[in-house]
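Asker: give me a model of this one.
(one chain, ligands or ions: 1)
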Amino acid sequence: MNATPPQPPCPPQPPQPSDSPTTAQLLRAHQIRLVRGPLVLRPMTEDDWPLLLPWNQDPQLLFLTEGTGNPKSYTLAQIQNIYRTVSQHAYNFMIEHQNQPIGECWLQEMNLAHVTARYPGKDCRRIDLMIGAKTFWGQGIGSTVIDMLCEFGFGAEKADLIFGLVGSHNPRSRRTFEKNGFILDIQTPQPPGSKAEHEYTLILTPQVWRSRSPAI
Ligand SMILES: CC(C)(COP(=O)(O)OP(=O)(O)OC[C@H]1O[C@@H](n2cnc3c(N)ncnc32)[C@H](O)[C@@H]1OP(=O)(O)O)[C@@H](O)C(=O)NCCC(=O)NCCS
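Answerer: Next up, the predicted model:
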């Protein structure tokens, strides 16, 4: 398994054929639980595959979450490899609304060299999220989840910078990050024929985040 694969906008590309699911590590366990009103971000576990698989086999969700790639579906072995690999350098969470699992998200060490190269010595992280239960879109949940991860990232984790990566084919996602104070840092043209003309790297500093959440 490639331990440092380049990742498109959330989540990462499928494993290469040489990757064997049998060599994948299990999800890295953690004890972080973030709560705000009816929303809970709880640790993702090895019991969550039945929840994660259908979301990763939904073409509409994959169209939005994948970068330049265009997979129509993932197998269980593929998503296990993706989430387990990411979790080695991330906090993977399940999103629950009133005790109902509705999505997943993570706060991950920045894994893109062209981003970290711009901020030497800085602790850079990235947020990726998917509300798999689509009836919950457009209710402010995505914005709140991002804010909860920023509170954890800039607070307990003392991150210097947090990023979001979105494709130009997903304006809802861009807006959701921008509502939290993220601004455009890098605009990367995508190859001709890609569903996204550009990949946007959005950035948030703790100063901007705190100015928006002064009570926290
Ligand atoms: C993207 C996602 C996380 C957003 O979560 P959400 O709960 O729907 O977002 P919110 O309700 O908090 O905010 C959505 C904002 O986008 C706006 N929006 C919706 N559709 C839009 C569009 N086509 N263009 C621009 N803005 C749009 C909404 O009006 C709202 O902004 P407002 O509050 O200023 O009106 C969620 O929809 C999702 O999981 N989508 C599928 C997976 C995905 O795209 N993940 C992100 C990959 S980078």
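
Asker: and the residue of the protein nearest the ligand?
Answerer: Closest approach between the chain and the ligand, counting by CB to the nearest ligand atom: Gly142, at 2.0 Å. All C-beta spots, glycine's among them, are computed from the backbone N, C-alpha and C.

Asker: number of nearby residues for that residue?
Answerer: By the measure other CB atoms under 10 Å, the count of residues near Gly142 is 24.

Asker: hmm, Met130 and it touching each other?
Answerer: No. Taking contacts as CB atoms under 8 Å, Gly142 lies outside contact range of Met130: 9.3 Å.

Asker: before we move on, back to that, contacting residues for the residue of the chain closest to the ligand?
Answerer: Residues in contact with Gly142, defined by CB atoms under 8 Å, 6 or more residues apart in numbering, are 129, 131, 173, 176.

Asker: ok, Trp137 next?
Answerer: Shown in contact with Trp137 (CB under 8 Å, 6+ apart): 131, 172.

Asker: separation between it and Val86?
Answerer: 23 Å (CB to CB, to the nearest Å).

Asker: same check, this time on Asp48
Answerer: Look at Asp48 and Val86: by CB to CB, they are 14 Å apart.

Asker: check what pLDDT the residue of the chain closest to the ligand gets.
Answerer: In this model, Gly142 is scored at 98, pLDDT.

Asker: for it, phi and psi?
Answerer: phi -60, psi -40 (degrees, to the nearest 10).

Asker: ok, Gly103 next?
Answerer: According to degrees, to the nearest 10, Gly103 has phi 180, psi -170.

Asker: and it, what are its bridge partners?
Answerer: Note on Gly103: beta-bridge partners by DSSP bridges are Ile95, Ile131.

Asker: which bits of the chain sit near the ligand?
Answerer: 9-10, 61, 64-65, 129-131, 137-143, 166, 170-173, 175-176, 179 (CB under 6 Å from any ligand atom).
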